[in-house]
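> Here is a sequence together with a model predicted from it:
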Amino acid sequence: MATLGAMTTLAGGVNATTGAPAPRWPKLQGSPVLDSLHPVIEHSRDVRTHVDKIVEVANWMSYEELPMPDYQMPFDVGKGTAEDVIDFVLTADCVDTAFTDFSTHVKFQVDYAGRHWSDSDALFACMKRAMDNGVPILDGKFLAQVTRPDLERIFAANIELPMLDEKMEVWHQVGSVLAEKYAGRFHNFVKSCPPRLYDNGAGIIDRMVKEFPRFNDVSPYDGATIKFYKLPQLGIWFVYSNLRKNNQFPLEDLGKMTAFADYIVPVALRILGIVSYSPELEHAINTYQMIPRDSRQEVEIRAHCIYATALLCEEVNNLRPKDQQIIIPQIDARLWTHYHTTWWPHHLTRTIMY
């Protein structure tokens, strides 16, 4: 079996900065996200993926267990029905972004149920606390009309939840759709979809990005539209991970999932040497400068995150037995788990998309 080191190059595929041949694009089950990245990978100026490093890392990572993540819903949410899990996960997924104050770099944290929670876990804790107090936080009608004072009470913690106004608008938008079309609940939306991520426009991800604008995570790049779909993929991945053991949420094309392009996985790839940045971008990140959303640099960081993890997954599978094959989110989980608490700075982008 050929490895990445023996890959051919894209037609005309030369790195615009270095002149080095670009690695052949891996055809991984026709994911719309992967397929959209070609313009960025071929013409990047500030970010580069190093195939030789992917081969080097795969040579040791392929021997790790790399299990399917066993995400469990916090508290007792997971003890409810599959519908309860879907409603909680996807409602939280809508606002599962930006947990560090952009000025002070202080993380969002809260104490609840005898434990201290931070980042996404703190968001979940606040939502569960609200549910304990009778707030109908999973109902679309409530979300469509939630006020800022409501959110200040729901998310009362050490700091104000970053981008609170934007997150209020997200819940207004999503709640209105749920109330109008799906009796106020995400599980009704999911039930109306086939058990596929993509299905000629009718799959779960297809419809999430079409019916809920907050999930349409795309960026322009040299006239092309680059698809990232971080939150819609992540939300469905969390639901699948919680319900898969009892086969309560089958997905026929799970292999089309990509990495979830966020702040942390790019850091892991940078530390491992799989990606590198231009001196200008490296300096901007290390000095905590804001990288604007949809800027060339931000799009390149996210695109190479998805590209590099796809190549790494392919190379790891080249080295593993047939009965030990993995999918890209398992690589994403391996990198995020080991590096989400690293002191190395990540890029700062003010966005509701990740």
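That came through, no problem.

> sec struct for residue 220, please.
Classification of residue 220 into helix, strand or coil gives strand, according to DSSP: H, G, I helix; E, B strand; the rest coil.

> Tell me the pLDDT of residue 264.
In the prediction, the pLDDT value recorded for residue 264 is 93.

> ranges for the helices of the stretch 1-150 of the chain?
Using DSSP state H, counting those that start in this stretch, the helices assigned to the stretch 1-150 of the chain run over residues 32-36, 38-43, 51-61, 82-93, 119-132, 140-145, 148-154.

> Which positions within the fifth one qualify as buried?
Counting neighbours by 16 or more other Cβ atoms under 10 Å, one finds that the buried residues in helix 119-132 are 120, 121, 122, 123, 124, 125, 126, 127, 128, 129, 130, 131. Any C-beta I mention is one placed from the backbone N, CA and C, and that applies to glycine too.

> re earlier: using a markdown table, lay out the helices of the stretch 1-150 of the chain together with distance to residue 271 and mean pLDDT.
Output for the helices of the stretch 1-150 of the chain, formatted as a markdown table (distance: least, Cβ to Cβ, whole Å; pLDDT from 0 to 100):
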| stretch | distance to residue 271 | mean pLDDT |
| --- | --- | --- |
| helix 32-36 | 23 | 95 |
| helix 38-43 | 21 | 95 |
| helix 51-61 | 11 | 97 |
| helix 82-93 | 27 | 96 |
| helix 119-132 | 19 | 94 |
| helix 140-145 | 38 | 98 |
| helix 148-154 | 35 | 98 |
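
> With respect to burial, which of the ones you listed scores highest?
With neighbours defined by mean count of other Cβ atoms under 10 Å, none of those is more surrounded on average than helix 82-93, at a mean of 23.

> Distance from the chain centre to that one, please.
Relative to its parent chain, helix 82-93 has a centroid offset of 16 Å by Cα atoms, centre = their mean, to the nearest Å.

> who touches that helix?
Contacts of helix 82-93 with the rest of the structure, by Cβ atoms under 8 Å, 6 or more residues apart in numbering, involve 73, 77-78, 120, 123-124, 127, 137-138, 143, 174, 185-187, 190, 231-232, 234-235, 238-239, 242-243, 248-249.

> Using PDB, list the CA coordinates for that helix.
Taking C-alpha atoms only, helix 82-93 is exported to PDB below (Å, rounded to 0.1, in the frame of the first residue of the first chain):
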ATOM      1  CA  ALA A  82     -32.200   9.600  23.200                       C
ATOM      2  CA  GLU A  83     -34.500  12.500  22.500                       C
ATOM      3  CA  ASP A  84     -33.300  14.200  25.700                       C
ATOM      4  CA  VAL A  85     -29.700  13.800  24.700                       C
ATOM      5  CA  ILE A  86     -30.300  15.100  21.200                       C
ATOM      6  CA  ASP A  87     -32.200  18.200  22.500                       C
ATOM      7  CA  PHE A  88     -29.500  19.000  25.100                       C
ATOM      8  CA  VAL A  89     -26.500  18.400  22.900                       C
ATOM      9  CA  LEU A  90     -27.700  20.400  19.900                       C
ATOM     10  CA  THR A  91     -29.200  23.300  21.900                       C
ATOM     11  CA  ALA A  92     -25.800  23.600  23.700                       C
ATOM     12  CA  ASP A  93     -24.000  23.200  20.400                       C
END
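
> re earlier: looking at the helices of the stretch 1-150 of the chain, which is closest to residue 310?
Comparing these by their distance to residue 310 (Cβ to Cβ), the top pick is helix 32-36, with 6.0 Å.

> Convert the C-alpha atoms of the closest one to PDB, please.
As requested, C-alpha coordinates have been extracted for helix 32-36 and formatted as PDB (Å, rounded to 0.1, in the frame of the first residue of the first chain):
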ATOM      1  CA  PRO A  32     -18.200  18.300   1.000                       C
ATOM      2  CA  VAL A  33     -15.900  19.900   3.600                       C
ATOM      3  CA  LEU A  34     -12.700  18.200   2.300                       C
ATOM      4  CA  ASP A  35     -13.700  18.700  -1.300                       C
ATOM      5  CA  SER A  36     -14.000  22.500  -0.700                       C
END
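
> Now do that helix: which elements does it pack against?
Using 3 or more Cβ pairs under 8 Å, 6 or more residues apart in numbering; DSSP states H and E, the elements in contact with helix 32-36 are strand 224-227, helix 296-319.

> One more pass at 6 Å, please.
In terms of contacts (3 or more Cβ pairs under 6 Å, 6 or more residues apart in numbering; DSSP states H and E), helix 32-36 is packed against strand 224-227.

> Would you mind pulling up the elements that the strand it packs on packs against?
Helices and strands in packing contact with strand 224-227 are listed as helix 32-36, strand 218-221; criterion 3+ Cβ pairs under 6 Å, 6+ apart.
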